[in-house]
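K.L.:
please find the sequence and the predicted model below.
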Amino acid sequence: MKRWPSLVLSALLLLPLAACGGGDTGSAPPVDSEENIHTPQAPSGTNLPDPSEPVSSQEPAGQEETEGEHILIAYFTWADNTVVEDPSSVDVDATTSASLLAPGNAARLAAWIQEAVGGDLHSIVVEEPYSSDYDECLDRAAEEKVDNARPALATHVENMADYDIVFLGFPNWWYTLPMPVLTFVEEYDWSGKTVVPFVTHGTGGLSSTIRDLTAALPEDTAILEPIGVYRPEVDESQAAVQDWLAGLNLEF
Ligand SMILES: Cc1cc2nc3c(=O)[nH]c(=O)nc-3n(C[C@H](O)[C@H](O)[C@H](O)COP(=O)(O)O)c2cc1C
């Protein structure tokens, strides 16, 4: 059964959006219709990099070891936060399989960022996986938002002090960040760091994601221009990601 905003709980969740009127949501529903949802598939010739592999470098010989060492690309994606008992049973054409199989949309954007600027990848993973059932995942995410929960994380960055640029990616969940991203944010000292958000979303656009991320970070944290990628356009978005990176005028 298709269901997005529904029930009283959903009405509660809608209030902040109506109140803020920000982002690029307009009066559109928060996500696109299920007909527009498709399972993410890596573009041909592109594989999600293995974080354990050395960072690729286009710098002159001798600089390979240092390039990207100060960049962290952290991301939350549903596919890394659920368990699919039998992946072969997932109908890749089924609308509800969106983001269910790795790499998730945020992971794909993260991989393209790493390909362009180097750095280390970190997948934010909760201790208690979300359901692979779309509606159940929605329900838990909604409850966590209402409760302002901080789901415990299973993965952690041991050397956060080493990074001065942190790309932070996530999907729009119920008009805002998935709550585990706030757990992640609150776990570290962001002093002196530059945060670069990247968001993937349905028709809700960025909604309140950047506002809520900004509120969660210390006031003196530099937060650069985010990119938001509409999920049906993820397949073709690598060039847009590269253009966005170039426009940040960061020295990598
Ligand atoms: C629990 C849940 C809540 C969502 N809420 C919204 C929303 O409020 N607005 C929106 O535009 N998209 C929403 N989406 C769609 C996701 O933002 C979109 O599918 C995204 O590309 C998924 O990225 P991922 O593959 O990295 O998880 C939601 C998806 C899920 C699973």
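P.N.:
Yep, that arrived. These figures come from a predicted structure and were not determined experimentally.

K.L.:
any idea how far apart the tips of stretch 111-131 sit?
P.N.:
Terminal residues of stretch 111-131 are spaced 25 Å apart (CA to CA, to the nearest Å).

K.L.:
list the buried ones in it?
P.N.:
Neighbour-count burial for stretch 111-131, counted by 16 or more other CB atoms under 10 Å, picks out 111-126, 130. For every residue, glycine as well, the C-beta is placed using N, CA and C.

K.L.:
over to stretch 70-79?
P.N.:
By neighbour count on 16+ other CB under 10 Å, the buried set for stretch 70-79 is 70-79.

K.L.:
which ones, among the residues you listed, also lie beside the ligand?
P.N.:
Residues shared between the buried residues of stretch 70-79 and the neighbourhood of the ligand are 77-79 [CB under 6 Å from any ligand atom].

K.L.:
where do the strands sit along the stretch 151-252 of the chain?
P.N.:
Shown for the stretch 151-252 of the chain, the strands assigned by DSSP state E, counting those that start in this stretch span residues 165-171, 194-201, 222-223, 227-230.

K.L.:
turn these into CSV, including mean neighbour count and mean pLDDT.
P.N.:
Listed next are the strands of the stretch 151-252 of the chain as CSV, based on neighbours: other CB atoms under 10 Å; pLDDT from 0 to 100:
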stretch, mean neighbour count, mean pLDDT
strand 165-171, 25, 98
strand 194-201, 22, 97
strand 222-223, 14, 96
strand 227-230, 21, 97
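
K.L.:
export the ones you listed to JSON lines and tack on distance to Ala154?
P.N.:
Shown next, in JSON lines, are the strands of the stretch 151-252 of the chain (distance: least, CB to CB, whole Å):
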{"stretch": "strand 165-171", "distance to Ala154": "16"}
{"stretch": "strand 194-201", "distance to Ala154": "22"}
{"stretch": "strand 222-223", "distance to Ala154": "26"}
{"stretch": "strand 227-230", "distance to Ala154": "26"}
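
K.L.:
can I get those in TSV with distance to the ligand?
P.N.:
Listed next are these as TSV, based on distance: least, CB to the nearest ligand atom, whole Å:
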stretch	distance to the ligand
strand 165-171	3
strand 194-201	4
strand 222-223	20
strand 227-230	8
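
K.L.:
any idea how far Ile73 is from Glu85?
P.N.:
Separation of Ile73 from Glu85 (CB to CB, to the nearest Å): 29 Å.

K.L.:
and if you look at Glu128?
P.N.:
The span separating Glu128 from Glu85 equals 16 Å under the rule CB to CB.

K.L.:
name the next helix or strand downstream of the helix or strand bottoming out on mean pLDDT in the chain, please.
P.N.:
Ranked by mean pLDDT, DSSP states H and E, the weakest helix or strand in the chain is helix 7-20, scoring a mean of 38. Going down the chain from helix 7-20, the next helix or strand is strand 71-75, by DSSP states H and E.
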